[in-house]
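Engineer: 3D, please:
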Amino acid sequence: MSTHDIILPDGWPKPKGYSNGILAANGRTLFMAGQVGWTAEEKFHSEKLTPQFEQALENIVAIVEQAGGKKEDICKMTCFCKDRDQYLASRKELGAIWKEIMGKHYPCMSMIFVVDLLDHPALIEIEAMAVIPD
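Structural biologist: Residues are numbered from 1 along each chain as shown. This next block holds a predicted model:
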């Protein structure tokens, strides 16, 4: 068994851009607070969704790597987005950013659209969970 097995019930179509379930073997569980699209100095370089998404995803990967893991150890992500229309219009660009940073690794994911986020001018916040092998 690998450290993480993708779970797909018989007869279900393979989801696009996420996994329905991931079974993690032994390891240390890393819970990550929501990351917005700002730098380590807490500075936003853009007020647009795609660059904020890229920075937030890079922030998640940096936390996993600091804990001794790799992006493939991420099992679950929840994205909170303020602008549904901008998200839908940007899906192609967001997919390219995902592939550049995450490759073909697709954790279990949820996308939730919200009225506002704490840190302005944040448009997206990503929280995640990883299981880092012992």
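Engineer: buried ones in the longest helix seen in the chain?
Structural biologist: Longest helix in the chain, counting residues (DSSP state H): helix 49-66. Using 16 or more other C-beta atoms under 10 Å as the test for burial, helix 49-66 gives 49-61, 63-64. Where C-beta positions appear, they are placed from N, C-alpha and C, glycine not excepted.
Engineer: Toward the C-terminus, what is the element adjacent to it?
Structural biologist: strand 74-81 (DSSP states H and E).
Engineer: Extract the C-alpha set from that following strand and format it as PDB.
Structural biologist: This file holds the C-alpha atoms of strand 74-81, laid out as PDB (Å, rounded to 0.1, in the frame of the first residue of the first chain):
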ATOM      1  CA  ILE A  74      -1.900  17.000   1.300                       C
ATOM      2  CA  CYS A  75      -5.100  15.100   1.700                       C
ATOM      3  CA  LYS A  76      -7.700  17.700   2.200                       C
ATOM      4  CA  MET A  77      -8.200  21.400   1.100                       C
ATOM      5  CA  THR A  78     -11.100  23.800   1.700                       C
ATOM      6  CA  CYS A  79     -11.100  26.900  -0.400                       C
ATOM      7  CA  PHE A  80     -13.200  29.900   0.600                       C
ATOM      8  CA  CYS A  81     -13.700  32.400  -2.300                       C
END
